[in-house]
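Participant: sequence plus the predicted model coming up.
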Amino acid sequence: MSSAANGKPRGKPPTEWVAHVYARLEVPLVTYVRRICGDWETARDVVQEAFVKLCQQAWPDIEPHATAWLYRTCRNRAIDLTRREGRMSMVHGGTDVSSLQDRAGSQPDEQASHGEQIERMRTQVFGLPDQQQEILRLRLHDGLSYKQIAEVTGLTVTNVGYHLHQAIASLRVRMQAAE
């Protein structure tokens, strides 16, 4: 059933809605794209282009899947740019696994030990295949659902779950071997 049939007017997304989505997703999208293309300036440009395209989408059709649509649009544009430039490499500077750490209530020696564990985990994450790294970050850092990750990457939801499971199992084995 079309949006017009639902009684919702079709057209461009409302400015207030776009501003809200931009405020919520700009930083995570720029961070995500920088991992793909390698620099902040290009990442900001890619995200800005994606939001321009978002403003051209039919409203309210885009609303329910705007997050996944933006990630997919940014991902595809960043991959196109890096392929064109001949340098398809994921940036390894500063993974966001540290955001998983809970510092509240820890003693200094516990914090130091926990920091060492996080650093070991960062190292092990870099050893995963690029696709597993991306899926892991989209799930744990960006908080996307399996369905959203599937929309971003072009995989099935089942495949996303499989790759996420493989990444976590591989990390577990790597972490145990590193101890």
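Facilitator: Everything's here; your move. Residues are numbered from 1 along each chain as shown.
Participant: centre-most residue in this protein?
Facilitator: Centroid-nearest residue in the chain, with CA atoms, centre = their mean: Leu138, separated by 3.7 Å.
Participant: okay, and it sits in which element?
Facilitator: helix 130-140 (DSSP states H and E).
Participant: buried stuff in the following helix or strand past that helix?
Facilitator: Note on helix 130-140: by DSSP H and E, the next helix or strand toward the C-terminus is helix 146-153. Across helix 146-153, burial judged by 16 or more other CB atoms under 10 Å covers 146, 148-153. The C-beta positions use only the backbone N, C-alpha and C, and glycine is treated the same way.
Participant: returning to what we had before: who does the helix holding Leu138 touch, helix- and strand-wise?
Facilitator: Contact here means 3 or more CB pairs under 8 Å, 6 or more residues apart in numbering; DSSP states H and E; on that basis helix 130-140 packs against helix 15-37, helix 108-126, helix 146-153, helix 157-178.
Participant: any chance of these in a markdown table, plus mean pLDDT?
Facilitator: Below are those laid out as a markdown table (pLDDT from 0 to 100):
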| stretch | mean pLDDT |
| --- | --- |
| helix 15-37 | 94 |
| helix 108-126 | 72 |
| helix 146-153 | 93 |
| helix 157-178 | 88 |
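Participant: just name the most buried of those.
Facilitator: Mean neighbour count (mean count of other CB atoms under 10 Å) peaks for helix 146-153 among the helices and strands packed on helix 130-140, with a mean of 20.
Participant: would you map out the domains in this structure?
Facilitator: According to automatic domain parsing, the chain comprises the domains 15-85, 107-178.
Participant: can you list the helices and strands packed on helix 130-140 in CSV and add distance to Gln57?
Facilitator: Shown next, in CSV, are the helices and strands packed on helix 130-140 (distance: least, CB to CB, whole Å):
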stretch, distance to Gln57
helix 15-37, 10
helix 108-126, 34
helix 146-153, 14
helix 157-178, 23
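Participant: which of the ones you listed sits closest to Phe51?
Facilitator: Across the helices and strands packed on helix 130-140, Phe51 has its closest neighbour in helix 15-37 (5.9 Å, CB to CB).
Participant: mind listing what Glu63 touches?
Facilitator: 13, 17 (CB atoms under 8 Å, 6 or more residues apart in numbering).
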